[in-house]
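Sequence first, then the predicted structure:
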2 protein chains.
Amino acid sequence: MIRLSRKSDYGLVALKALRALQPGDAMSARELSLQLDLPTDMTPKVLAKLAQAGLIESLMGKTGGYRLARLAEDISVAEVVRVLDGEPGLAPCREGILECHRIETCDIKHPLDNLHREVMLVLSRMSIAQL
Amino acid sequence: MIRLSRKSDYGLVALKALRALQPGDAMSARELSLQLDLPTDMTPKVLAKLAQAGLIESLMGKTGGYRLARLAEDISVAEVVRVLDGEPGLAPCREGILECHRIETCDIKHPLDNLHREVMLVLSRMSIAQL
DNA sequence: CTAAACTCGGACCAGAACGGTCGCATATCG
DNA sequence: CGATATGCGACCGTTCTGGTCCGAGTTTAG
């Protein structure tokens, strides 16, 4: 239910690298891959997701690349995770494995929900700039 | 890197159910499965892990079953997660994917480590009794 | 205008992890 | 002694993720 996969890691290190650029400059996916030792063709995928979510912007063409679309201070870890690993949902009520008509189940659902929300809050408080 | 799988859910609901027992009473794995709609033979596995970690104790024999080994107030969610899903490790330095001799990598490692620690802290603050 | 370098997007594959099951040994109570 | 419980280890099927490949559309350089 709460999952921070490797993709999120990649995204975070990439964003951190983009942050070090001069304003106006862009960095290509391949440069990022080489510099950060990320899997060759994984980087474009991760960056594409971040781009279409509006966290970074992509510049096409020969001198293209990626750069932050916002201030690093305004990009939270939670947002990156949500984009790359999806909104983490609770297992219990998602698949119907634990049926919700059971009292015990719904007794447990809300607390787990709170738990989850609290974790995301922690992630929300940390920005790329703080990494 | 942080992963709360379904097993953890199962463990948490089971512990919550065990908490409702009268002191001295025990509840069999099958009873728990039926009452909580958990997968038939998943429950013993989860309970076995919790037992060997000392969170609950098992009573063998005909009238056997499981019961809490400690007060519900003293069992944290973090502990349950750690037992059932293992100590969550950081991806970057675990598999050598991001080599640690790279400065960028080790710049990112510690902050991610802190992040992770903070999340576990949140889980530590919530006990079974509070669910 | 052509060529090169880049992003975009989808299709694709292998491997690991997870959820779930079975069976046998062992211990307890009646 | 027999019935019933856990303990534990071996065992699959499926899903998901990480990772790769390729074609299409775009922009700049020459």
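Structure received. This structure is a prediction, so every number in the text was calculated from the model and none was measured.

Okay, now the unreliable bits of chain A?
Filtered on pLDDT under 70, chain A yields the residue ranges A:1, A:87-112.

Correct me if wrong, but residue A:58 is in a strand.
Yes - counting by DSSP: H, G, I helix; E, B strand; the rest coil, residue A:58 is part of a strand.

ok, now which ones touch it?
Neighbour list for residue A:58: A:47, A:48, A:51, A:64, A:65, A:66 [criterion: C-beta atoms under 8 Å, 6 or more residues apart in numbering or on different chains]. C-beta: built from backbone N, CA, C; applies to glycine.

Would you check that residue A:80 makes contact with residue A:47?
No - counting by C-beta atoms under 8 Å, residue A:80 does not reach residue A:47; the two are 11.7 Å apart.

and the spatially most central residue of chain A, what does it touch?
The centre of chain A sits closest to residue A:80, judged by C-alpha atoms, centre = their mean, with a distance of 2.1 Å. Residues in contact with residue A:80 (C-beta under 8 Å, 6+ apart) are A:8, A:11, A:12, A:15, A:50, A:55, A:128.

does the first one really touch residue A:84, like I thought?
Yes - with contact taken as C-beta under 8 Å, residue A:8 and residue A:84 are classed as touching, separated by 4.9 Å.

quick one, helices of chain A?
Ranges of helices in chain A, per DSSP state H, are A:6-19, A:29-36, A:42-52, A:77-85, A:91-94, A:103-125.

wait, which of those is closest to DNA strand D?
DNA strand D sits nearest to helix A:6-19 of all the helices of chain A, at 3.7 Å, using C-beta to the nearest atom of the strand.

now for the closest one, which elements pack on it?
helix A:29-36, helix A:42-52, strand A:65-68, helix A:77-85, helix B:91-94, helix B:103-125 (3 or more C-beta pairs under 8 Å, 6 or more residues apart in numbering or on different chains; DSSP states H and E).

Now that we have the ones you listed, can you turn them into a markdown table and tack on distance to residue A:120?
Converted to a markdown table, those look like this (distance: least, C-beta to C-beta, whole Å):
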| stretch | distance to residue A:120 |
| --- | --- |
| helix A:29-36 | 26 |
| helix A:42-52 | 18 |
| strand A:65-68 | 22 |
| helix A:77-85 | 5 |
| helix B:91-94 | 19 |
| helix B:103-125 | 10 |
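
on that earlier part again, okay, the contacts of residue A:80 in TSV with neighbour count and distance to residue B:34 next?
Below are the contacts of residue A:80 laid out as TSV (neighbours: other C-beta atoms under 10 Å in any protein chain shown; distance: C-beta to C-beta, whole Å):
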residue	neighbour count	distance to residue B:34
A:8	23	38
A:11	26	43
A:12	25	44
A:15	24	48
A:50	26	46
A:55	24	47
A:128	25	48
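
Just give me the closest of those residues to residue A:115.
Using C-beta to C-beta, the shortest approach to residue A:115 within these belongs to residue A:8, at 19.3 Å.

dump the residue contacts of the closest one.
Going by C-beta under 8 Å, 6+ apart, residue A:8 touches A:80, A:81, A:84, A:85, B:1.

Tell me the most packed of those residues, by neighbour count.
residue A:80 (27 neighbours; other C-beta atoms under 10 Å in any protein chain shown).

roughly how far apart are it and residue A:28?
Relative to residue A:28, residue A:80 is positioned 20 Å away (C-beta to C-beta, to the nearest Å).

again with residue A:14
Distance of residue A:14 to residue A:28, computed by C-beta to C-beta: 12 Å.
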